[in-house]
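S.K.: just to be clear, the model below is a prediction. Sequence and coordinates:
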Amino acid sequence: MSVEATENIAEDRTGSRALAGKRVLFISYNGMLDPLGQSQVLPYLRELRKRGVQFTLLSFERPAALSAHGSDKVAGLRRQLAEQGIDWHWLRYHRTPSLPATIFDVINGVRYARRLVRNNDIELVHARSHIAATIALGLKRRFDIKLIFDVRGLMAEEYVDANHWRKGSVPYRLIKTMERRAFAACEGVVTLTEAIWPTIKEWGGLRDRENIVHAVVPCCADLDLFSFRELDRERRRRELGLADGFLLVYSGSIDGWYLTEEMADFFATLIKRRADAHALWLTPGKHERIRNLMQQRDIAADRYTVIAAEPGEVPSYLSASDVGVAFIKPCFSKLASSPTKYAEYLACGLPLVINAGIGDSDALILTEKAGVLINEFAENEYQAAAAQVEELLKDRRRTRAFTRDIAERLFDVRKTGVERYARLYEAVLMG
């Protein structure tokens, strides 16, 4: 897995001077109060702002932002971003009924964003995801501005792989039409993985385009926040009632793309191999679902823990752990995925147990030796993986330093993410 951006983006040799004063409208269909907005949008904008980029940010916030508690959080974040030089605007996100709600959000977004472009003399629109790119197309037709389409995943293909849409259905065709138009109109494209680029560069809108600028920017982590801390390890282990036990962790949502039953099978295999093994589920998902899965596998209640941790608490629980596990449904659309949890696990010194076929992640194991790769969800694979994990953890300190080094080289939000976005901005704005 290459750690360099695509070759047509030159190395940044001018520091922040080339970006100073550039006016960018960043559109995100994810909210800034959401964990994803907090981890995968704001850190990049803050760092690029330090390089002189003048950001206007438009996001779509969940209805919770309108509650009394949500309003306080919005006001606090607005003040914080204003102090950091980021002009934040937001509109309400509508979920149901799905297609009409999204169309409403797009129309409302175009109307609102036009004012932002005029008032702030915007030069570049950075559209994060397909819906944001649809809004950006409405601006591109009206104003003489550059466009970056930040492809966070293959939206139409994901819905098909999840069995929510049929290939060729009305929503599928609408998204593919919009996608083709965005590819044809944009000056720059971001993908999360190298694995998907050879495929999508042959799609309509990109095929035969020689002037397109492409960057691969994987989901990174703030390594100042996600890092191993011995005091956190000791504190969380006391709370969990563990001493030197063997702690496996899964952090994130359950079900859907995440193969919860298969992860429960793996946890059960390792717990039955080792008397000191304990499984930690950090998830906002239904805890009863986890408890049922573990009971079905004859795992006693004192051998696992389920916690709905706040985002700020996650690094401390990862510090307390020894191995990070994540099984994700392998399918075509997931070649475009870069799971943030991989970066967070590695940053906290955890080797990975992951399955094959997700984005560029096979190379994390096969090339970087960051942990263990599961090729089939079967007991014999779990047994072999458990043995490899035990071998890795014979020297936990060395393994911790090794995996942290991988995070620093490949997934540092500043060294990797921000540097690649900065070079992309320069190539698009100066092109």
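M.R.: Right, received. Where do you want to start?

S.K.: make it CA atoms for all contacts and neighbour counts henceforth
M.R.: OK.

S.K.: this protein - how does it break down into domains?
M.R.: According to automatic domain parsing, the chain comprises the domains 17-220+412-430, 230-410.

S.K.: how about a markdown table for these, with mean pLDDT and mean neighbour count added?
M.R.: Supplementary listing: these in a markdown table, determined by pLDDT from 0 to 100; neighbours: other CA atoms under 10 Å:
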| stretch | mean pLDDT | mean neighbour count |
| --- | --- | --- |
| domain 17-220+412-430 | 94 | 18 |
| domain 230-410 | 96 | 19 |
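
S.K.: break down this structure into its strands, ranges please.
M.R.: Taking DSSP state E as the criterion, the chain carries its strands at 23-28, 54-61, 86-92, 124-128, 146-150, 188-191, 213-216, 246-251, 277-282, 304-307, 323-326, 352-355, 371-374.

S.K.: nearest to Arg423, out of those?
M.R.: For Arg423, the closest of the strands of the chain is strand 213-216, at 8.7 Å, according to CA to CA.

S.K.: my guess is His94 contacts Asp105. True?
M.R.: Yes. Assessed by CA atoms under 8 Å, His94 is found in contact with Asp105 at 6.8 Å.

S.K.: show me what contacts Pro284?
M.R.: If a contact means CA atoms under 8 Å, 6 or more residues apart in numbering, then Pro284 has Gly252, Ser253, Ile307, Ala308, Ala309 as its contacts.

S.K.: correct me, but the fourth one touches Ile290?
M.R.: Going back to what we said before, that points to Ala308. No. At 12.0 Å, Ala308 and Ile290 do not qualify as touching, with contact defined as CA under 8 Å.

S.K.: export stretch 101-111 as CSV, just CAs?
M.R.: What follows is stretch 101-111, C-alpha atoms only, in CSV (Å, rounded to 0.1, in the frame of the first residue of the first chain):
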residue,chain,number,x,y,z
ALA,A,101,-36.3,14.2,2.4
THR,A,102,-32.9,14.0,0.6
ILE,A,103,-34.3,16.0,-2.4
PHE,A,104,-35.6,18.6,0.0
ASP,A,105,-32.2,18.9,1.7
VAL,A,106,-30.4,19.2,-1.7
ILE,A,107,-32.8,22.0,-2.8
ASN,A,108,-32.5,23.8,0.5
GLY,A,109,-28.7,23.3,0.5
VAL,A,110,-28.3,24.8,-3.0
ARG,A,111,-30.4,27.8,-2.1
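
S.K.: show residues contacting that stretch.
M.R.: By CA under 8 Å, 6+ apart, the surrounding residues in contact with stretch 101-111 are Leu91, Arg92, Tyr93, His94, Arg95, Ile131, Ala132, Thr134, Ile135, Ala136, Gly138, Leu139.

S.K.: same check on stretch 387-406?
M.R.: By CA under 8 Å, 6+ apart, the list of residues contacting stretch 387-406 reads 227, 322-323, 346-351, 368, 370-372.

S.K.: do the same with stretch 172-182
M.R.: Contacts with stretch 172-182, where a contact means CA under 8 Å, 6+ apart, come from 130, 133-134, 137, 149, 155-156, 165-166, 203-206.

S.K.: swap the cut-off to 7 Å and go again
M.R.: Residues outside stretch 172-182 that contact it (CA atoms under 7 Å, 6 or more residues apart in numbering) are His130, Ala133, Thr134, Leu137, Phe149, Ala156, Trp165, Gly204, Gly205.

S.K.: in contact with Arg114, which residues?
M.R.: Taking CA under 7 Å, 6+ apart, one finds Leu139 in contact with Arg114.

S.K.: quick one, helices of the stretch 251-400 of the chain?
M.R.: The residue ranges that make up the helices of the stretch 251-400 of the chain, judged by DSSP state H, counting those that start in this stretch, are 260-273, 287-296, 314-320, 340-347, 362-366, 379-392, 396-410.

S.K.: quick one, the first one and helix 287-296 angle?
M.R.: This means helix 260-273. 50 degrees (axes from the mean of the first three to the mean of the last three CA atoms, to 10 degrees).

S.K.: which strands or helices does helix 260-273 pack on?
M.R.: For helix 260-273, the packing partners by 3 or more CA pairs under 7 Å, 6 or more residues apart in numbering; DSSP states H and E come out as strand 277-282, helix 287-296, helix 379-392.

S.K.: which other helices and strands contact the second one?
M.R.: Translated: helix 287-296. Here helix 287-296 is seen to pack against helix 260-273 when contacts are counted using 3+ CA pairs under 7 Å, 6+ apart.

S.K.: one more pass at 8 Å, please.
M.R.: Helices and strands touching helix 287-296, by 3 or more CA pairs under 8 Å, 6 or more residues apart in numbering; DSSP states H and E, are helix 260-273, strand 304-307.

S.K.: in CSV, list those along with distance to Gly70.
M.R.: Rendered in CSV, the data for those read as follows (distance: least, CA to CA, whole Å):
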stretch, distance to Gly70
helix 260-273, 31
strand 304-307, 23
